[in-house]
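K.L.:
no sequence for this one, just the structure:
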């Protein structure tokens with residue numbers, strides 16, 4: 001049998017996906033380390049021909065697919081109307097019609113499923129799943145009698161138990177009937193749906209109902225629910241995403257300048273970073289690196305070796321005018337912190353009051369920041385730096401007896417070539433106190449009551465010893481340990 005042809009629609013706006021949906025195409029949202037569209041693609045054999053309809057943030061989808069699935073047969077089709085009158089999945093599918101003049105599978109980009117799909121099945125079939133009547137108005141619902149689809153009600157609440165929701169996954173065998181009917185421009189819920197084509201198939205040909213263990217990730221709440229299956233806590237960010245596809249690590253940033261600067265920075269000191277293999281717009285990629293993070297692999301000998309390695313390979317001194325360095329540090333430490341505090345005050349009016357934290361009286365944050373010796377912090381040490389130097393971003397490869405640094409910061413107050421050595425030291429120090437991998441496992445407690453705030457978090461047994469070793473290194477090399485500790489506090493605050 002010929003390889004399957006699959007059409008994936010990824011053209012619509014992520015209007016129900018929250019803030020990130022306005023910046024990242026919803027087909028590229030991350031679940032269990034992979035983009036939604038990668039989960040779909042991986043369900044089909046390598047020889048599959050994919051036709052992907054793109055519209056909203058379509059360039060992102062093209063760039064991602066060119067990196068993540070370069071070996072796949074993928075044709076992207078531009079959907080000219082993905083948000084205006086007459087738009088909808090039916091119209092998007094019609095834009096792909098030229099490439100689908102044969103039996104094909106259709107998949108919505110927000111549909112995931114657990115079942116092993118028999119892509120060789122050559123009949124017309126619709127994936128179906130039972131939903132509660134209150135939720136049925138959000139879906140195209142089909143009547144199922146003896147495993148055969150006999151009727152359809154689209155975007156209306158259905159109380160009849162014989163109806164099930166169409167999950168956005170199907171196989172169209174009799175494509176001429178489907179295409180002829182899909183040309184009908186009748187709107188449903190204000191959009192051109194695919195139900196016109198499906199209804200014609202139901203009326204003229206046998207259509208099998210295929211039960212599917214379905215995960216709908218079409219809005220923010222459903223997406224978060226899907227993410228919770230794989231993570232104890234959702235630490236996703238609104239301006240970046242991380243994918244692991246096969247043997248590739250792919251990073252995405254909303255700001256393409258961040259991507260460009262990270263790539264440029266990696267080339268300035270290639271001995272400490274992975275080699276960038278692909279760079280396209282908002283994405284860059286590198287090969288998956290062997291080894292374990294220092295949180296998992298560390299011991300005293302490895303940590304001492306790390307400190308020596310950082311001094312020899314990362315922290316190269318840079319010739320920077322003292323006035324430029326002073327202004328850069330003030331911008332990065334003082335100005336950024338105060339700007340963020342003002343943003344906080346605008347969002348939470350009158351929230352910055354004194355409090356008790358773990359039994360200690362703490363003044364308002366504004367009062368604390370007024371006591372920070374900013375000019376002292378401005379006396380930075382210009383060097384090439386990492387910018388987020390904590391154990392989760394440091395890999396130790398025992399077989400090669402070597403380190404590699406991940407997830408480096410793109411710049412320091414706009415400067416790619418240099419930053420402040422003290423910032424790297426503070427990041428390292430702060431990441432020992434607060435074990436970020438334990439935080440990601442939700443190994444912390446937080447409570448508020450009339451007596452104040454109490455919190456606690458898990459630490460490794462050797463954390464105190466690592467802090468002692470780092471403190472000794474800082475003082476031995478003539479650096480200011482209290483300044484490092486002060487910067488740790490600012491890092492936590494920010």
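P.N.:
Here it is on my side, so go on. Since we're looking at a predicted model, the values are computed, not measured.
K.L.:
make it CA atoms for all contacts and neighbour counts henceforth
P.N.:
Will do.
K.L.:
State the mean pLDDT of stretch 94-107.
P.N.:
Averaged over stretch 94-107, pLDDT sits at 97.
K.L.:
got the contact list for that stretch?
P.N.:
When contacts are defined by C-alpha atoms under 8 Å, 6 or more residues apart in numbering, stretch 94-107 is touched by residues 4-9, 51-53, 77-79, 168-176, 179, 182-183.
K.L.:
Check stretch 450-461 too.
P.N.:
Contacts of stretch 450-461 (C-alpha under 8 Å, 6+ apart): 355-359, 433-435, 438-439, 443-448.
K.L.:
Which of these fall in helices?
P.N.:
433, 438, 439 (DSSP state H).
K.L.:
and the last one, how many neighbours?
P.N.:
Read that as residue 439. 17 (other C-alpha atoms under 10 Å).
K.L.:
residues touching it, list them.
P.N.:
Neighbouring residues of residue 439 by C-alpha under 8 Å, 6+ apart: 457, 458.
K.L.:
any idea which strand is longest in the protein?
P.N.:
strand 163-172 (DSSP state E).
K.L.:
Which other helices and strands does that strand contact?
P.N.:
Contacts defined by 3 or more C-alpha pairs under 8 Å, 6 or more residues apart in numbering; DSSP states H and E place strand 163-172 against strand 104-108, strand 111-113, strand 125-129, strand 140-145.
K.L.:
Now list the buried members of the contacts of stretch 94-107.
P.N.:
The neighbour-count test (16 or more other C-alpha atoms under 10 Å) marks 4-9, 51-53, 77-79, 168-175, 179, 182 as buried among the contacts of stretch 94-107.
K.L.:
among these, which are in strands?
P.N.:
5-9, 51-53, 77-78, 168-172.
K.L.:
one step back: among the helices and strands packed on strand 163-172, which is nearest residue 334?
P.N.:
In terms of C-alpha to C-alpha, the element of these nearest to residue 334 is strand 111-113, at 45.7 Å.
K.L.:
what are the pairing partners of that closest one, and which direction each?
P.N.:
Strand 111-113 pairs in its sheet with strand 214-216 (antiparallel), by DSSP bridges.
K.L.:
coming back round to it: quick check: neighbours of the longest strand of the chain in the sheet, parallel or antiparallel?
P.N.:
Partners of strand 163-172, by DSSP bridges, with direction: strand 104-108 (antiparallel), strand 125-129 (antiparallel), strand 140-145 (antiparallel).
K.L.:
can you tell me which residues contact the closest residue to residue 78 other than its chain neighbours?
P.N.:
Of all residues not flanking residue 78 in the chain, residue 54 sits nearest, at 5.2 Å (C-alpha to C-alpha, 6 or more residues apart in numbering). For residue 54, the contact set (C-alpha under 8 Å, 6+ apart) comprises 9, 10, 11, 12, 61, 76, 77, 78, 79.
K.L.:
which one of the residues you listed sits closest to residue 278?
P.N.:
Nearest to residue 278 among the contacts of residue 54, with distances taken as C-alpha to C-alpha, is residue 61, at 15.0 Å.
K.L.:
Distance check, the closest one against residue 75.
P.N.:
Computed as C-alpha to C-alpha, to the nearest Å, the residue 61 to residue 75 distance reads 11 Å.
K.L.:
Between those two, which is the more surrounded one?
P.N.:
residue 61 (23 against 16).
K.L.:
Return the residues in contact with the more buried one.
P.N.:
25, 27, 28, 54.
K.L.:
Can you check what pLDDT the model gives it?
P.N.:
Residue 61 carries a pLDDT value of 97.
K.L.:
Nearest to residue 330 among the ones in strands among the buried ones among the contacts of stretch 94-107?
P.N.:
Using C-alpha to C-alpha, these come closest to residue 330 at residue 78, 46.6 Å.
K.L.:
My guess is that closest one contacts residue 51. True?
P.N.:
No - applying C-alpha atoms under 8 Å as the test, residue 78 and residue 51 come out as separate, 10.6 Å apart.
K.L.:
okay, the closest residue to residue 393 other than its chain neighbours: pLDDT?
P.N.:
Leaving aside its sequence neighbours, residue 393 sits nearest to residue 406 (C-alpha to C-alpha, 6+ apart; 4.8 Å). We note a pLDDT of 98 for residue 406 in this prediction.
K.L.:
now residue 353
P.N.:
pLDDT, read off for residue 353, is 85.
K.L.:
Give me the secondary structure label for it.
P.N.:
At residue 353 the chain is in coil, as set by DSSP: H, G, I helix; E, B strand; the rest coil.
K.L.:
tell me the contacts of it?
P.N.:
With C-alpha under 8 Å, 6+ apart, residue 353 has these contacts: 363, 364, 365.
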